[in-house]
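**Student:** Pasting the sequence and the predicted coordinates here, then a few questions.
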Amino acid sequence: AQSVTQLDSQVPVFEEAPVELRCNYSSSVSVYLFWYVQYPNQGLQLLLKYLSGSTLVESINGFEAEFNKSQTSFHLRKPSVHISDTAEYFCAVSEGVRGSTLGRLYFGRGTQLTVWP
Amino acid sequence: KAGVTQTPRYLIKTRGQQVTLSCSPISGHRSVSWYQQTPGQGLQFLFEYFSETQRNKGNFPGRFSGRQFSNSRSEMNVSTLELGDSALYLCASSPRDRGTEAFFGQGTRLTVV
């Protein structure tokens, strides 16, 4: 079973500042990595994913994450945040078997990003 | 294409009662998973269904059960409700067998009083 650690439960930051949300997972076997975002009283929305190929993945709204196999990390970054980025962010891992996932996601405890004006 | 639909959105039940939550996956998706989200435990996996078969189950007591119908719609049932079952229950669907991406519904907020 995987263990996912999000090192910061809360990250306050001013608008237009850069931000990094950290995520580490427990095993370096074949894994698929995801970042989800959750707004109040909503479900989870996929922000970005790493399945294979380039270790740097980007989302359409300026976030990026880099898969680092040796450090078993998948940190999320954004060079300049907006107030609308205020939300809770979850890192998730699923284990690949013969190129497919097991269908189960292991989640971190979440990081509340609060952007102040 | 419609997203994952969960009904109802909010529910209040009394201890000892039972409850059934419903999830309609995205059209064409055959895999459905359920998660419980609480402030204390975070997001925890309940179970996963594919083609009406439970393929994976998390560490929850037998009071928690589920099923999937031939049209891929899924229900989960919790019997003999306890206060600690108060949570946001999230359903996710995947596009194919052991899909590589899960799409989540907005959840059902269950409050047990």
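**Tutor:** Okay, I see it.

**Student:** did I read that right, B:G84 in a helix?
**Tutor:** Yes. Per DSSP: H, G, I helix; E, B strand; the rest coil, B:G84 lies within a helix segment.

**Student:** what about it, neighbour count?
**Tutor:** By the measure other CB atoms under 10 Å in any protein chain shown, the count of residues near B:G84 is 10. Every residue, glycine included, has its C-beta placed from N, CA and C.

**Student:** In contact with it, which residues are there?
**Tutor:** Shown in contact with B:G84 (CB atoms under 8 Å, 6 or more residues apart in numbering or on different chains): B:V112.

**Student:** ok, so what distance separates it from chain A?
**Tutor:** As judged by CB to the nearest CB, to the nearest Å, B:G84 and chain A stand 18 Å apart.

**Student:** cool, B:S24 as well?
**Tutor:** Separation of B:S24 from chain A (CB to the nearest CB): 13 Å.

**Student:** confidence score at that residue?
**Tutor:** With respect to pLDDT, B:S24 scores 97.

**Student:** go on, the one 5 residues further on?
**Tutor:** pLDDT, the model's per-residue confidence, is 88 for B:H29.

**Student:** Could you do A:R98 as well?
**Tutor:** Turning to A:R98, the model gives it a pLDDT of 50.

**Student:** and the longest strand belonging to chain A, what other elements does it pack with?
**Tutor:** The longest strand of chain A (DSSP state E) is strand A:87-97. Applying 3 or more CB pairs under 8 Å, 6 or more residues apart in numbering or on different chains; DSSP states H and E, we find strand A:87-97 packed against strand A:4-5, strand A:31-38, strand A:73-78, strand A:106-107, strand A:111-116.

**Student:** Could you list the buried residues of the third one?
**Tutor:** It stands for strand A:73-78. Residues A:73-76, A:78 are the ones in strand A:73-78 that count as buried (16 or more other CB atoms under 10 Å in any protein chain shown).
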